[in-house]
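Student: Need the 3D shape of this:
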Amino acid sequence: MKKGLSIFSALILTGTATTLLTTNVQTHQNKINQSNSESDIDWSLLKNINNDYFKNFKETHKAEVTNFSARNIDEIIAYAQKKANEYIQLFQNQNFDLNQIIEYLSTENSNFKENYHKSLQNQSNIINNQISSTTNVTTFSDAQDFAKLETFVKNLRIEKAIFTTITATSAIAAAGFWAAAWWFGISIPWAIACTTISTVSGGITTALNGALVEYDKELSKIDKAIIWGSMIYYLGHIFYKFAYITLIAGATTVTATSWAFPAVLALVPVISTISTWISVYK
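Tutor: Got it, this is the predicted structure:
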């Protein structure tokens, strides 16, 4: 892969648990404010989700594992978790960002790479099919509207960090299951589903990041003292242009594959809230 080319960028170019995820939003904000890193990965949160996922795996997936012996399931969980923990330790020690994590896992495991790209392409196709040229003009008139937009953007920076962490966590879990599949073929369904979750969450992460970068660039050109009306709409529309379709498509896929990685369900209300807010700027 060419240096500097994000594996997630295809989603932008072609288309334009749960308790853990909702813990103290201010903690996430503080970490973002204190960090100069683009990764936004909360390693503490990532480890907690990973540990809880494997710890509760048999109970969470009781229906799916009933046809397998307890020994086989225990061996799969132990092996996949061991690999996942090794990856986490390596990535944290080297302070990998999200793209570096995906590239490393893709190089490490050809099955992960193949399915990741396949899932990425499928998600791109879904987004392309949902793209619409319809534009609904909304009127914005005063500083109060801009204040609301600024609050939304501030919260969005926090939420992007959560998406980034879930993307990395599910990718690492997927890689662990792909490693286990070498010895235990029955782990493949979880490997595929976790791969899909990571590509969807990663696509949303990239879309939000692209929107925030563009927003910051355009905002720097505008005199805040006189911002109003069409200027506010223009700034808000950046988020619709970059992220709305990706969010809507992602919500459907996340819900359908959450059986494999239940923590991702916490993203659904977040996606819904962001989508509803952005829809004003169609």
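
Student: okay, and for this structure, where does confidence drop off?
Tutor: 1-39, 61-71, 127-145, 184-185, 222-234, 282 (pLDDT under 70).

Student: longest helix anywhere in it?
Tutor: In the chain, taking DSSP state H as the definition, the longest helix is helix 143-181.

Student: how close does Phe112 sit to Leu265?
Tutor: Taking CB to CB, to the nearest Å as the measure, Phe112 falls 23 Å from Leu265. Using the backbone N, CA and C atoms, a C-beta is placed for each residue, glycine as well.

Student: these two touch, right, Tyr87 and Ala175?
Tutor: Yes - with contacts counted by CB atoms under 8 Å, Tyr87 reaches Ala175, the gap being 6.2 Å.

Student: between the two, which one's more packed in?
Tutor: Neighbours per residue, other CB atoms under 10 Å: of Tyr87 and Ala175, the larger number sits with Ala175, 30 against 23.

Student: Give me the nearest residue to the more buried one, chain neighbours excluded.
Tutor: Leu105 (4.5 Å; CB to CB, 6 or more residues apart in numbering).

Student: Would you map the helices across the stretch 51-200 of the chain?
Tutor: Remark: helices assigned in the stretch 51-200 of the chain by DSSP state H, counting those that start in this stretch are 57-60, 62-65, 70-93, 98-108, 110-130, 143-181, 188-219.

Student: what's the closest of those helices to Gly236?
Tutor: Closest to Gly236 of these, according to CB to CB: helix 143-181, at 5.7 Å.

Student: Just the buried positions in that closest one, please.
Tutor: 145-146, 149, 152-153, 155-181 (16 or more other CB atoms under 10 Å).

Student: now stretch 107-116
Tutor: Asn109, Asn111, Phe112, Lys113, Asn115, Tyr116.

Student: Include distance to Lys82 when you put these into JSON lines, please.
Tutor: Shown next, in JSON lines, are those (distance: CB to CB, whole Å):
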{"residue": "Asn109", "distance to Lys82": "15"}
{"residue": "Asn111", "distance to Lys82": "18"}
{"residue": "Phe112", "distance to Lys82": "16"}
{"residue": "Lys113", "distance to Lys82": "21"}
{"residue": "Asn115", "distance to Lys82": "21"}
{"residue": "Tyr116", "distance to Lys82": "21"}
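
Student: Phe54 reaches Asp74, doesn't it?
Tutor: No - at 11.0 Å, Phe54 does not count as touching Asp74 under the criterion of CB under 8 Å.

Student: Which one's more surrounded, those two?
Tutor: More crowded of Phe54 and Asp74, by other CB under 10 Å: Phe54, with 19 against 13.

Student: Now do the same contact list for the closest residue in space to the more buried one that isn't next to it in sequence.
Tutor: Distance criterion CB to CB, 6+ apart; nearest residue to Phe54, sequence neighbours excluded, is Gln81 at 4.1 Å. Going by CB atoms under 8 Å, 6 or more residues apart in numbering, Gln81 touches Asn50, Phe54, Gly176.
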